[in-house]
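Chemist: I would like to see how this sequence folds:
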Amino acid sequence: MRLCFAAMVIAGCVSGLLNAQQVQPEAKATGLPSNDPVLERVLREWPEGRISTVGRPGEWAYEQGVLLDGVTAMWRVTGDGRLFSYVKAAVDRSVDASGAIHVADGKPFPMAAHSLDNIEMGRSVLALYRVLQQPRYFKAAEFLHEQVMQQPKTASGGYWHKQIYPNQMWLDGAYMAEPFMTAYAREFAVAGGMDAAADQLLMMSEHMREPKTGLLRHGWDESKQMAWADKQTGLSPEVWARAMGWYSMALVDVLERMPENDPKRAALEKDARETLTAVIRYQDSGSRLWWQVMEKGGQKGNYLEASASCMFVYSIAKAVRLGVLPLSDEASAERGWKGIQQRFVKPDGTLSGTVKVAGLGGTPYRSGTYDYYVGEPVGDNDGKGVGAYLLAESEMIQHERAGSLFASARGKTVLWDAWFNSQKRKTAAGNEQLFHYKFTDEANSGYSVWGDMFAQYGVRNAMLDHAPRAADLKGVSVYIIGSPDNLKLNPQAHFMDQESSDAIVDWVKAGGVLVLMQNDVERADQVHFNLLSDRFGIHFNPVMKQDELNESYVNTIVPVPAGTGGIFNQDFKGLMKQICTITVSASAKTILTAHGTDAEGDTVMAVTHLGRGLVYANVDPWVYNEYTDGRKNPLDEQNFAAGEQLTRWIVQQAIERSGVQGGGNSGRRR
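Modeler: A predicted model of the protein is given here:
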């Protein structure tokens, strides 16, 4: 049974993560900003990422980076625009208009330190670039990428953790560098960049893993010269939980961005399974948490540690969602999340139980022994622990929303059109990428928020960049076509043709779920596209209505009543701007009309059944990022929350039409 955690009891008080009414997530998906006390405390007491519990609040550092990773993850699963603004304000304090990075008070970036810790904030920089497409963030990310390219390496090719730690790889560095390098390579088409990041992780696995436990030691000195290093293996003496947490999170974050056909993927998936299976083996049976020194639970001085426990919950839940771990392992994440709530979270939003820091060597000397790790100070509201907590929460929110549908949906394919809408843009690095209603596009124009909504069910998001044929649609559960190009927007537009139409119709008859998200006549083609839609009794009229007038959005709001089409079970305020309209015929049915706008009485949503399949049609791409990710909200529209329910309904329709009661193990996101 999948855990319903939205009303976890914390010290006898209800912590409402989605709303205060304890509404079952399978019945309602509110999409409202989370009122989790830990997150609210961050926003209130650490403005602009200024973590008060560190020596230099607001300085460019990995602690701040991990916190921002958690806030970003929560933004993506709640559509709470405050969270994006928080991340942007924190990054902008260090990245100036030219893209130069200043670590604190105008102090330049310490290039000579060659510290992987200083790369971690690059993840937030890249997140801002992908959303805002501003050159300043590209320049900062490019600088950090070049820093990694200049990082000193061991004889085997592994990145030194820092200049002051020669010939040493630390597991901490896996999270600091590899997910950033993977995301950078994916965004800017860096040849071999993704495989280079994977090689670093696989090298750690090869040299730092204990054969007996399957766990990895904290550090490895290839030269075997450090006093803490074993003279035969070069390994540090113990398995430190947070080091394993860094490595585990790095694995799932890299896999999330890695293409399915990447030659390194199989090895990295195998490594992730081996790593997380070992992590689950050492989960404490009583508390459901993890010990500071992992395999020595209950030994004198050892203690249960918050940040690592959060990291493991995040990694396990995400690995199950990505299809890397079996469904049975989600119970470990559920147990761990419950244990975190009960032991570490206080009603006022305090997160306790995080070890402040642990390292190897240096001055004063850190031996890496058992006594050293259990002797390091533990504190409340540590930025690393809070960031890891928010990351874990973001996965558990998705876990809860997917609910009982997850097992049947995981591994199914949602195919996104990139042919009838095939617009491309150049990145700041000069490479071309598809954008505009694509699940990979995180800017205003994209469908990344919607893609994430599907991904929480464990589905595989894929893109089709050529005319659809029967072979392309085989095994596809959902096919989404958004705003087909006209010549005005794309001089090389690909129009609907008879052969494509035939292939799509046959696929729907066989049980496919087709989603048609049209647009107004100025921004999309209706005439050619009706060659397909007319066959379902859905005719898109080449008009433009519901335009915003004098920057007023009043004419763009469409009330979506509870019960609409059996899709929505609560009232929503939908924003649909610059729309066409639909005329239905044959078996097609209108399920929603416009009211209070210049499209009064016009059909804006319709459905039809054909054979075993289903078609859902809308006159606007309305759940695209600009009005779904919470950054704009001109009239408090609820496109995010409505999009969650629409997504759930589509997934459920796909499951029912497939006749499949259980999912596979291959669901991957990107």
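
Chemist: tell me the residue furthest from the middle of this structure?
Modeler: Lys231 (41.4 Å; Cα atoms, centre = their mean).

Chemist: wait, is that residue part of a strand?
Modeler: No: counting by DSSP: H, G, I helix; E, B strand; the rest coil, Lys231 falls outside a strand, being coil.

Chemist: residue numbering should commence at 20 henceforth.
Modeler: All set: I'll call the first residue 20, so the last point we hit is now Lys250.

Chemist: contacts only, for the nearest residue to it once chain neighbours are set aside.
Modeler: In this structure, Lys250 finds its nearest non-sequential neighbour in Lys243, 5.6 Å apart by Cβ to Cβ, 6 or more residues apart in numbering. Bear in mind the C-beta positions are built from the backbone N, C-alpha and C, glycine included. Contacts for Lys243 (Cβ atoms under 8 Å, 6 or more residues apart in numbering) come out as 249-253.

Chemist: Lys324 contacts Trp310, doesn't it?
Modeler: Quick fix: residue 324 reads Glu, not Lys. Yes: between Glu324 and Trp310 there is a contact under Cβ atoms under 8 Å: 6.8 Å.

Chemist: in terms of neighbours, single out the busier of these two.
Modeler: Glu324 (28 against 24; other Cβ atoms under 10 Å).

Chemist: relative to Leu254, how far out is that one?
Modeler: Glu324 sits 21 Å away from Leu254, going by Cβ to Cβ, to the nearest Å.

Chemist: hang on, the earlier thing: check the residue farthest from the centre of the chain and give its pLDDT.
Modeler: According to the prediction, Lys250 has pLDDT 97.

Chemist: that one and Gln244, how far apart?
Modeler: From Lys250 to Gln244 the distance is 9 Å (Cβ to Cβ).

Chemist: again with Val374
Modeler: Applying Cβ to Cβ to Val374 and Gln244 gives a distance of 27 Å.

Chemist: so those two - more neighbours on which side?
Modeler: Neighbour tally, Val374 and Gln244, criterion other Cβ under 10 Å: the higher count belongs to Val374, 23 against 12.

Chemist: all helices of the stretch 170-319 of the chain, in order?
Modeler: 191-207, 212-227, 260-276, 284-300 (DSSP state H, counting those that start in this stretch).

Chemist: same list (the ones you listed) but as JSON lines, adding mean neighbour count.
Modeler: Formatted as JSON lines, those follow (neighbours: other Cβ atoms under 10 Å):
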{"stretch": "helix 191-207", "mean neighbour count": "25"}
{"stretch": "helix 212-227", "mean neighbour count": "21"}
{"stretch": "helix 260-276", "mean neighbour count": "26"}
{"stretch": "helix 284-300", "mean neighbour count": "19"}
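
Chemist: which among these is found nearest to Asn400?
Modeler: Distance to Asn400, taken as Cβ to Cβ, is lowest for helix 260-276 among those, at 16.2 Å.

Chemist: any idea of the mean pLDDT in the closest one?
Modeler: pLDDT averaged over helix 260-276 gives 98.

Chemist: same question for stretch 427-443.
Modeler: Average pLDDT, stretch 427-443: 97.

Chemist: end-to-end on it?
Modeler: The first and final residues of stretch 427-443 sit 34 Å from each other (Cα to Cα, to the nearest Å).

Chemist: buried sites along that stretch?
Modeler: Neighbour-count burial for stretch 427-443, counted by 16 or more other Cβ atoms under 10 Å, picks out 427-442.

Chemist: and what of stretch 395-407?
Modeler: 397, 400-407.

Chemist: where do the strands of the stretch 370-519 of the chain begin and end?
Modeler: 373-374, 397-398, 432-436, 443-445, 451-453, 479-483, 495-501 (DSSP state E, counting those that start in this stretch).

Chemist: which one, of the ones you listed, ends up nearest to Leu346?
Modeler: Between those, strand 479-483 lies closest to Leu346; by Cβ to Cβ that is 15.6 Å.

Chemist: orientation of the closest one relative to strand 495-501 in degrees?
Modeler: 50 degrees (axes from the mean of the first three to the mean of the last three Cα atoms, to 10 degrees).

Chemist: how distant is strand 479-483 from the center of its chain?
Modeler: 16 Å (Cα atoms, centre = their mean, to the nearest Å).

Chemist: got it, and stretch 460-478?
Modeler: 9 Å.

Chemist: got it, and stretch 578-585?
Modeler: That offset, for stretch 578-585, works out to 29 Å (Cα atoms, centre = their mean).
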